[in-house]
Structures are given as structure tokens and as C-alpha cells.
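Any chance you could fold what I've pasted below:
(chains A and B)
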Amino acid sequence: MNASPKSLSSVPRAVSLGRRETRLVRAGFIPLVDASILIAASELGFAAREGLQLDLVRDVSWANVRDRLAFRQFDAAHMLAPMPVAAQLGLGSNPAPVVTPFALGRGGNAITLSVRIYEGMRQETGLSDTADALACAKAFAALVASRKEAGLSPLTLGVTYPFSSHNYEFRYWLAAGGVDPDRDVRLIVVPPPMTTDALEAGAIDGFCVGAPWNMMACERGVGRIVAAKQDIWPLAPEKVIGLRPDYIEANEDTVLRLVQALDRSARWCADPEHHDDLARILALPQHLAAPVAILRRVLAGEFCLDGKGTLRRIEGYFRFHGEGANRPNPGQVLWIYSQMIRWGQVAHSAAGEALAVSACRSDLYDTALGPDAEQELDPALFAATRFMDDLVFDPANVMAHVEAAAIRQQGHIIAGAPSE
Amino acid sequence: MDALTVLVIDENKIRAAIIERGLREAGHERVILVTTMDGLLRRILDIDPDVIVIDLENPNRDQLEHLFQVSRAAQRPIAMFVDRSDSGMLEAAVDAGVSAYVVDGLRQERVKPILDMAIARFNAFARLQRELADARNALEERKVIERAKGILMQSRGLSEADAFALLRQTAMNEKKKMADIAQSVVTAASLLL
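The predicted structure follows:
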């Protein structure tokens, strides 16, 4: 492979870690484009330069990734940003502590509906091909209401995991349009690589997953993208590197090197000049096993919205680096916490806020990178960045955001979650 | 003590049957197998299991996680957790490629034998598959050695015993497996002859 990381020489070393032997780091990942930084770190020698042998293991479910990290089969894992937060809060079925020293960038999700449902929305409301995410959400709500009136069964929508950006983003989009995700539709879990087949077979009517699976459904003419993650909230967190606190304690030097390797890899992935090489690496059977051409377009943010070739380009659809994309951010974590409260996964408390924020180990990020560390996301950005329904999120007032939402669970805590 | 209802979810029908048999032999009467994931939520609600055993290769495992979290859709909540009765055992389970969910509050001495059995059967099944793969490999190797022998006999006028001896000597000299040398002969012959 001729993808030698040429930008490396221009990156100054932040911390001198001295000569050392190679150390093995085993990392689990799910085949998604947002595993790019991890995959490139292993494939292109960024990890080797830090004296690490980064062995990647592809897995099939987030629950496996969580358990294999907890039971030491993995040292590190590609995780959904809400997973460490849920772990620290003791939510879910196997909540062993997990924290993150590095975020794998932002962006990449989208909501796709079946062509049949989309046509139904057009007939119902005269929706235009260039309608924005909110207009699509309202049209979907109109369709849901008229189906209900006609006595038809509720539509079934797929997400990937209960503690996922996809779950919270799909719910946000639905509620912004006027659909109660717990009453008006059925939300189920579908593994990302199966979403297109499930949509085609009519097992689901829509889904929210990461790239490249939305694009795959559109290319096959079975789906229509109606919202991208950026449309819902441009600051929304996506994937992170998860580590066990006891692993960090026993291997701090290795963790710092891993963060350095990931930082170099993130810079490389962020350079559009490297996207041809990155697409080729991701396409390999042991990584995503997806067509290079689609991956190349996904990386460029070029969307084929439907099978008819309607195009849309989203600037920075993937942000692998820059604007604080890699630095674990407490404000984003608190938004995740707010959505857990909004949908009844947990009750609000000051202690809960502190536990949620404890998932962010930006101190490790700063120690590893020194002057190369990205600045924290500008706090003013939170006030300046509106959600699709015009709400904002103030990390200092989590409950204001929850209470401003018209549709939410009213203080109902889900069975199975440990009580506070 | 009430008999436990054990639900085994495994898309590998043979392995599912092996586990079912083991559970029945251990005295568990109420064992239900699910090998397809269609309508899983409905099935689980109908079956109302005390313990769910699922293989880790199953991408639908995240469906269960979702189900136990968002059970509001169901008439009655299912509170299930990954069994944490014994972290060493759970580690062995993950190593073997299986996981178990148990109803909250179920005592660990009732769950442990079930999971122990599942782990043993999963490991035995993996061993069986390895042996099968080895046997298949050995057969392939014998076939390629036969072909290489035939090529050497024809092209160099050797007897069968001499052709075999030549392959073996070359393998020893080059510190390679005989099957690899034989494969080279077959490949070279396909290019040259």
C-alpha cells in the first residue's frame, strides 16, 4: 500500500516517551466508517510509531464489544459515545466502568425511510424533494397520524442500540415532527449491516445508523435519506475510544501512546487528499467489506438521497479532527445524559451529572498531546448552535433542555435500570 | 423449587440442539430453542424465560439489550441482566462465545450449572468444528500430494515410491510441509506443461 503517512513528519512530538519495546493493544470495532481513525492507526503505522502493536478485532454487536472490553478480551474499543456514559451511570445489562480519553470525531449518521413511506409522505403533504429535516419530520408525523386514523398498525423503525446517538437522534427527529417515539411508532434494534435488507424486506420502515449503511439503502433504490446528523444537531457526539479505568491505571504509558497514535491518525484521516487511500483501506474484507466507490462518496459527504440520483453535499459530514472533534467533551456528555432523562432511561440528579461527566478523561488527552491537544469545544458554541427545532442545549442547565421538549417520557424509569 | 424456563437463542441449529440436549440431560425440562430472530420480542414475551442463553456471534444480541431497556412496549417489563454471579465464570463464557441473561433476582446457584453446561458445550462444539476442519485439510493435502506424485511420475519417469521420496526429501530440505511442496509442483506444472 502506498499510503505512507506523509503528514507525519510535520507533526511535532508532544511528549517524549523514550525508547521502548512493542506493546500489544487489542481493540474491538464494529464495521462503520467512524472506525476510520482506529483502522488507519493500525494499518498505516501510526500505532507502530508509538511502539504499539494495535490488533483490531471486528465484532458483530455493541453488547459484545462492551462485554469483551469488560472481560479483558479487548484493551480498547470503538464505542458509541453514550456507552461509557451508561457504563458510568450503571445502566444497561452489564455496566462495568468505561471511560474515554479520545473521541473518534463527529458526524456520519443519517435517517433513512423506505421509498414507500417517503412516497406516502409526499402524497400526504406535497413534500418537496429539497425539504429540510424538520419538514420531513412533520410530513412523517402527518403520515403516522393518518395511518392511525385509518386503523393501520404502527410503523416500525430501526436503531442500533439503546444507548446510541442513533436512538437519541431518531427520537429527537421524530419528536420534533410531533411523533411520540414510544407510543406512535415501534422502535426496534437492527444490526447496521442488516438495515438495508430489513428495509427492502419490509421488516422495518426506516432506520437511523452510521455510514455507509444509509447510502447503501439509497443506492439500492429501497431508501430515502430524510435527515443527516448535522441537521438534527451539528455538535452531536458520535463514537469514542472506550477503556477500562483499571487498564488505564495499570498501563498509563501505553494509553498515552495510544492517544498520540490516534491523534496522528485523526489528522491523516481528516485530510481530503488521503480519502482515496482511506476508502481503499476501509473497503477491505477484514474492515468494512463495502464498495470503495460508496465509501469514497461517504467520506466526501456526497449523498445520493435516493435511487433516482438526487444529490446533496454536506460539508464536514465526517469531522475526524479539528474543532475539538477528538477531545472528550463534558458538554456533549451532558447532552447524552439529558436524552437519557428525556426518554426515561434514568432520573436526573446532581450525582448523576457528575457520574456522566466522569466518562470524559480529557486529562489523559491533554497529557498525551501537550501543545498538540485540541482546544476544548468553545462553550459559546453550545449557545450558538441550534437544534433542528430551534432549541439549544446549555450544559449548565440540563433539565431546561429536557423540559423544553414537548414530547418526552414523564418521569418513567425503565424496568431493569438500577434505581438511583 | 419451580423448574426454570431456559431459552436458547442460537442461529446455529446443530449447536442449539447440542445445548438443548445437555440441559435436558441435566434435568431441565423447560428448554426452548429459537434459531430464527423473526418476531423475537413476541416470542420472549410468550415464553417468559428465567434464563436466556445466546451465542456471541449473533448480531441480534443488541436486540435483547434494547428489549430489556425499552420494555415499555411490552405489557409487562422484563428485567434481565447479563449474569454477574461469578466474574470468572462470565469471563469463561465470553471466551467460549456465549452469554447468558437472567431474570433479576434469580439466585446464582440456580443459574451457575446452566451457564457451566452451556460453556462446556460451546467449547466442545468449537473443538468438534476444529477437528472437522483439520480432517478436511488433511484430505485436501492428501489429494494434492497424489496429484504432485502423478506429475513427477509422468514427467520424470519415477516410480510412485521414488516420487513420494522426492517430495518428502525436498520438504525436509526446505523445512516446509510436504503438502506445500506438492502444491508448488502442481502450480508449476499448470504453468509449464
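
contacts, neighbours, all on C-alpha from now
Will do.

Alpha carbons of the helix or strand harbouring A:I37, as PDB, please.
Secondary structure from DSSP states H and E places A:I37 in helix A:36-43. Extracted in PDB, the C-alpha atoms of helix A:36-43 (Å, rounded to 0.1, in the frame of the first residue of the first chain):
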ATOM      1  CA  SER A  36     -11.600   5.000  10.400                       C
ATOM      2  CA  ILE A  37      -9.200   6.600  12.900                       C
ATOM      3  CA  LEU A  38      -8.700   3.300  14.700                       C
ATOM      4  CA  ILE A  39      -8.300   1.300  11.500                       C
ATOM      5  CA  ALA A  40      -5.900   3.800   9.900                       C
ATOM      6  CA  ALA A  41      -3.800   3.900  13.200                       C
ATOM      7  CA  SER A  42      -3.300   0.200  12.900                       C
ATOM      8  CA  GLU A  43      -2.900  -0.100   9.100                       C
END
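
could you point out which element follows it?
On the C-terminal side of helix A:36-43, the closest following helix or strand by DSSP H and E is helix A:46-49.

Packing partners of whichever helix or strand comes after that next one?
Secondary structure here is assigned by DSSP H and E; on that basis, the next helix or strand after helix A:46-49 toward the C-terminus is strand A:52-58. Packing partners of strand A:52-58 (3 or more Cα pairs under 8 Å, 6 or more residues apart in numbering or on different chains; DSSP states H and E): strand A:23-29, helix A:36-43, helix A:46-49, helix A:252-270.

and residue 178, what is it in contact with?
The chain I'm using is chain A. Contacts here follow Cα atoms under 8 Å, 6 or more residues apart in numbering or on different chains; on that basis A:G178 touches A:A137, A:K138, A:A141, A:I407.

That was the other one, I meant chain B.
Applying Cα under 8 Å, 6+ apart, the residues near B:M178 are B:I145, B:L167, B:R168, B:A171.

B:S184 versus that one, what's the distance?
10 Å (Cα to Cα, to the nearest Å).

cool, A:G51 as well?
When distances are taken as Cα to Cα, A:G51 and B:S184 turn out to be 37 Å apart.

higher neighbour count, those two?
Using other Cα atoms under 10 Å in any protein chain shown, the more surrounded residue of A:G51 and B:S184 is A:G51, with 20 against 14.

For residue 47, give me its contacts.
You didn't say which chain, so I picked chain A. Taking Cα under 8 Å, 6+ apart as the criterion, A:A47 is in contact with A:A41, A:Q53, A:L54, A:R257, A:L258, A:A261, A:L262.

hmm, I had chain B in mind actually
Residues counted as contacts of B:I47 (Cα under 8 Å, 6+ apart) are B:L7.

any idea how far chain A is from it?
Look at B:I47 and chain A: by Cα to the nearest Cα, to the nearest Å, they are 18 Å apart.

and if you look at B:D134?
The spacing between B:D134 and chain A, counted by Cα to the nearest Cα, is 23 Å.

average pLDDT for whichever strand or helix holds that residue?
Mapping B:D134 onto the secondary structure by DSSP H and E places it in helix B:108-156. Taken as a whole, helix B:108-156 has an average pLDDT of 87.

cool, and stretch A:144-155?
With pLDDT averaged residue by residue, stretch A:144-155 scores 95.

how many neighbours does whatever residue of the stretch 251-400 of chain A ends up closest to chain B have?
Residue nearest to chain B within the stretch 251-400 of chain A: A:Q345 (7.6 Å; Cα to the nearest Cα). A:Q345 is flanked by 27 other residues according to other Cα under 10 Å.

so where does it fall, helix or strand?
Assessed by DSSP H and E, A:Q345 sits outside every helix and strand.

how much space between it and A:S338?
Using Cα to Cα, one gets 10 Å for the distance from A:Q345 to A:S338.

repeat for A:A261
For A:A261, the distance to A:S338 - Cα to Cα - is 32 Å.

thinking again about what came up before, helices - which of the contacts of B:M178 land there?
Judged by DSSP state H, the contacts of B:M178 include B:I145, B:L167, B:R168, B:A171 as members of helices.

Nearest to chain A among the residues you listed?
Using Cα to the nearest Cα as the measure, the one of the ones in helices among the contacts of B:M178 that approaches chain A most closely is B:I145, at 31.0 Å.

Now do the same contact list for the nearest residue to that closest one once chain neighbours are set aside.
Spatial nearest neighbour of B:I145, chain neighbours left out: B:A182 (5.2 Å); criterion: Cα to Cα, 6 or more residues apart in numbering or on different chains. Neighbouring residues of B:A182 by Cα under 8 Å, 6+ apart: B:V144, B:I145, B:R147, B:A148, B:K149, B:L167.

Isn't the fifth one up against B:A163?
Right, B:K149. Yes: here B:K149 lies in contact with B:A163, judged by Cα atoms under 8 Å, at a distance of 5.4 Å.

sorry, back to before: what helices and strands are in contact with the helix holding A:I37?
Judged by 3+ Cα pairs under 8 Å, 6+ apart, the packing partners of helix A:36-43 are helix A:46-49, strand A:52-58, helix A:252-270, helix A:275-283.

Which parts of chain A belong to which domain?
Residue ranges of the domains in chain A are recorded as A:6-107+A:236-291+A:320-404, A:110-235, according to automatic domain parsing.

cool, and chain B?
The record's domain split for chain B, according to automatic domain parsing, is B:6-130, B:135-192.

now for stretch A:126-138, what's the gap between its first and last residues?
When the end residues of stretch A:126-138 are compared by Cα to Cα, they are separated by 12 Å.

And the residue lying farthest from the centre of chain B, how close does it get to B:I151?
Distance from the centre of chain B peaks at B:G157, with 46.8 Å (Cα atoms, centre = their mean). Distance of B:G157 to B:I151, computed by Cα to Cα: 9 Å.

repeat for A:G331
Distance of A:G331 to B:I151, given as Cα to Cα: 72 Å.

Kindly state the pLDDT recorded for residue 184?
By default, I'm working from chain A. Looking at A:D184 specifically, the model assigns a pLDDT of 95.

right idea, wrong chain: chain B
Model confidence at B:S184 (pLDDT) stands at 92.

buried stuff in the helix or strand that contains it?
Taking DSSP H and E as the definition, one finds B:S184 inside helix B:178-192. Of all the residues in helix B:178-192, those buried under the rule 16 or more other Cα atoms under 10 Å in any protein chain shown are B:M178, B:A179, B:I181, B:A182, B:Q183, B:V185, B:V186.

Please tell me I have it right and the last one contacts B:A148.
Looking back up the chat, that one is B:V186. Yes: the pair formed by B:V186 and B:A148 meets the contact definition of Cα under 8 Å, at 5.6 Å.

For the stretch 201-350 of chain A, which segments count as strands?
When secondary structure is read from DSSP state E, counting those that start in this stretch, the stretch 201-350 of chain A shows strands at A:206-209, A:223-228, A:239-243, A:302-304, A:311-313, A:318-319.
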